[in-house]
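Novice: here is a sequence with its predicted model. Questions after.
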Amino acid sequence: MATNTKRRIGDVEVGAIGLGGMPMSIEGRPEDESRSIATIHAALDAGVTLIDTADAYHLTANDVGHNESLIAKALSSYGGDTSDVLVATKGGHLRPGDGSWTLNGSPEYLKQAAEASLKRLGVEAIGLYQFHRPDPKTPYADSVGAIRDLLDAGKIRLAGISNANPEQIKQAGEILGGRLVSVQNQFSPAFRSSEPELELCDELGIAFLPWSPLGGISKASDLGEQHPAFHKIAGELGVSPQQVTLAWMLAKSPHVIPIPGSSRPETIRDSWAAVDLELTAEQVAALDAG
């Protein structure tokens with residue numbers, strides 16, 4: 001079964017593989033900023049038109065929004081047309097600067113965070129804004145209500161949620177008046193518990209954006225060793241296990257758009273090649289089982 005190079009998020013057409021910006025801005029990020037910018041440019045050259053980020057993708061407390069600023073710099077310095085690039089950012093998950101993650105889903109904070117992201121990205125309206133993670137201290141309806149208000153005010157063009165369960169997806173859809181366009185959850189060969197959310201998004205026609213689709217920054221290079229079925233099929237096809245993984249995800253639903261993280265041009269080029277990788281039904285079944 002062949003995959004297509006294009007998918008949709010709401011009314012916006014994007015490349016079937018996106019670029020996750022996190023590895024360029026947190027622990028272990030490249031010391032040379034030019035390598036990160038070259039990676040983003042390589043992604044655009046390949047055909048990537050969805051770039052994922054968040055205000056929490058940074059290293060120190062005075063570094064908030066590092067990845068958003070980096071992406072804005074890369075887009076402004078790119079020699080080609082970037083009018084079709086959709087930048088997706090998130091708010092509600094914070095990094096105090098000590099390596100930990102905290103939550104703030106209050107409507108007041110989310111609106112402030114969106115304003116700050118808007119300025120860092122240098123746009124009139126954020127392309128896609130997603131509530132990063134549910135905050136137990138704030139009713140979910142209140143947090144999503146803030147996203148609705150941002151949408152109504154024209155601060156954001158599209159609205160999504162992240163790290164959500166099926167009930168929250170349905171609730172968000174109702175609160176947003178049918179304008180929920182994306183769900184960004186963890187999904188990979190090692191982490192498949194988001195299958196119900198993927199299936200629900202497929203049913204509803206909502207984009208499902210798997211984060212850490214290759215298993216995360218520290219494990220992506222060992223994917224084939226950890227998952228023999230992916231290693232075997234990669235060997236048969238003469239491609240990387242990472243390509244097989246992304247092609248497998250694309251084959252699961254026309255609404256899946258994986259967003260592998262990358263900090264080197266060669267890795268995002270390898271990821272993009274998955275859009276042209278054809279898997280048979282038997283191969284997909286073997287990967288589902290493995």
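Specialist: Everything's here; your move.
Novice: in the stretch 101-250 of the chain, where is pLDDT below threshold?
Specialist: 218 (pLDDT under 70).
Novice: quick one: contacts for the nearest residue to residue 60 once chain neighbours are set aside?
Specialist: Nearest non-adjacent residue to residue 60, counting by Cβ to Cβ, 6 or more residues apart in numbering: residue 97, 4.7 Å away. C-betas here are computed from N, CA, C, even on glycine. Residue 97 makes contacts with 59-63, as judged by Cβ atoms under 8 Å, 6 or more residues apart in numbering.
Novice: the closest residue in space to residue 54 that isn't next to it in sequence: neighbour count?
Specialist: Leaving out its chain neighbours, the residue that sits closest to residue 54 by Cβ to Cβ, 6+ apart is residue 90, at 4.0 Å. For residue 90, the number of neighbouring residues by other Cβ atoms under 10 Å comes to 26.
Novice: coming back round to it: flag the least confident of the contacts of residue 97.
Specialist: For the contacts of residue 97, the weakest pLDDT value sits at residue 61, with 84.
Novice: my guess is that residue meets residue 99, correct?
Specialist: No - Residue 61 sits out of contact with residue 99 when judged by Cβ atoms under 8 Å, with a separation of 10.9 Å.
Novice: can you map out the helices along the stretch 51-200 of the chain?
Specialist: For the stretch 51-200 of the chain, the helices defined by DSSP state H, counting those that start in this stretch cover 66-77, 107-121, 140-152, 166-175, 195-204.
Novice: turn these into a markdown table, including mean neighbour count.
Specialist: Formatted as a markdown table, the helices of the stretch 51-200 of the chain follow (neighbours: other Cβ atoms under 10 Å):
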| stretch | mean neighbour count |
| --- | --- |
| helix 66-77 | 20 |
| helix 107-121 | 19 |
| helix 140-152 | 20 |
| helix 166-175 | 17 |
| helix 195-204 | 16 |
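Novice: about what we covered before: out of the contacts of residue 97, which is most surrounded?
Specialist: Per-residue neighbour counts (other Cβ under 10 Å) across these peak at residue 59, which has 17 neighbours.
Novice: residues in contact with it?
Specialist: So residue 59 contacts 25-27, 29, 66, 97 (Cβ under 8 Å, 6+ apart).
Novice: can I get those residues in TSV including distance to residue 283 and pLDDT?
Specialist: Formatted as TSV, the contacts of residue 59 follow (distance: Cβ to Cβ, whole Å; pLDDT from 0 to 100):
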residue	distance to residue 283	pLDDT
25	35	92
26	34	89
27	35	84
29	35	88
66	39	95
97	45	76
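Novice: from those residues, which is closest to residue 195?
Specialist: Nearest to residue 195 among the contacts of residue 59: residue 26, at 27.1 Å, using Cβ to Cβ.
Novice: quick one: secondary structure of the closest one?
Specialist: coil (DSSP: H, G, I helix; E, B strand; the rest coil).
Novice: confirm for me that it is in contact with residue 60.
Specialist: No - look at residue 26 against residue 60 with Cβ under 8 Å: they stay out of range, at 10.4 Å.
Novice: on that earlier part again, dump the contacts of residue 59 to a markdown table, plus distance to residue 173.
Specialist: A markdown table is the format used below for the contacts of residue 59 (distance: Cβ to Cβ, whole Å):
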| residue | distance to residue 173 |
| --- | --- |
| 25 | 31 |
| 26 | 31 |
| 27 | 35 |
| 29 | 35 |
| 66 | 32 |
| 97 | 35 |
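Novice: for stretch 236-249, buried residues please.
Specialist: 239-249 (16 or more other Cβ atoms under 10 Å).
Novice: that older thread, quick one: closest of the helices of the stretch 51-200 of the chain to residue 4.
Specialist: Among these, the nearest to residue 4 by Cβ to Cβ is helix 195-204 (14.9 Å).
Novice: what sits up against the closest one?
Specialist: So helix 195-204 is contacted by 164-166, 169-170, 173, 183, 185, 187, 206-208, 210, 252-256 (Cβ under 8 Å, 6+ apart).
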